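Enquirer: Just the structure for this:
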Amino acid sequence: MNPRLLFLTFFFLGLFFQNTFAQTELVLIFTDNTESSTSVSNISRITFQENNLVLKLNSGTSTDYPVVSIDRMVFSGDSDTETETIQTTDITVYPNPASDYLTIRNLPASYTQVTIYQSSGVVVYSAKMNSGNNQLDVSTFPKGIYIIKADGKTLKFSKF
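Expert: Alright, predicted model coming up:
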């Protein structure tokens, strides 16, 4: 299992069980700034399957959320309880594979150097990007596998 997903699983479950009685809602805040709220009392199980957060509800239905689309997970409750927030801060890229545009998410500092290499090692893109989320036009890139280096991290994506 992906180490990030494993960490989020245990952290999330720990917060869930620790705060089940004090917290009333799980709020997922997505990268496009939309939200989804679910009452904690309606959730029977929270799991990660592949790259999705899965909420299994007491009604027997389940809802899948792609992990890369989740910006924050917040437990909200009564006004006298503390709110717990889980912030995902790893640099991620999506969609993967990409066809026209690639979003590079969670760049940590303003003007982070981002370099993209073809699998042969040829540099096809190099620029300084702002912190946060950046969209890059990859429509002119040839089909193949690419390596991204940013802030000391290495990621890969496919272009089709």
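
Enquirer: When you work out contacts or count neighbours from here on, use the C-alpha atoms and nothing else.
Expert: OK.

Enquirer: Quick one: the helices in this structure, in order.
Expert: Counting by DSSP state H, the chain has helices at residues 3-18.

Enquirer: show me where it has strands.
Expert: 23-30, 35-39, 43-49, 52-57, 62-66, 70-77, 84-87, 92-94, 101-107, 112-118, 123-129, 132-137, 144-150, 153-159 (DSSP state E).

Enquirer: mean pLDDT lowest for which of those?
Expert: Per-stretch mean pLDDT for the strands of the chain is lowest at strand 84-87 (a mean of 51).

Enquirer: roughly how far apart are the closest residue to S36 other than its chain neighbours and S41?
Expert: Of all residues not flanking S36 in the chain, L28 sits nearest, at 5.2 Å (CA to CA, 6 or more residues apart in numbering). Here the criterion is CA to CA, to the nearest Å. By it, L28 lies 16 Å from S41.

Enquirer: ok, the two, which is more surrounded?
Expert: For L28 versus S41, neighbours defined as other CA atoms under 10 Å are more numerous around L28 (22 against 14).

Enquirer: Now that the more buried one has come up, it's in contact with V54, right?
Expert: No: using CA atoms under 8 Å, L28 is not in contact with V54; the gap is 11.9 Å.

Enquirer: okay, the spatially most central residue of the chain: pLDDT?
Expert: With distances taken as CA atoms, centre = their mean, V68 lies nearest the centre of the chain, 2.8 Å away. Predicted confidence (pLDDT) for V68: 83.
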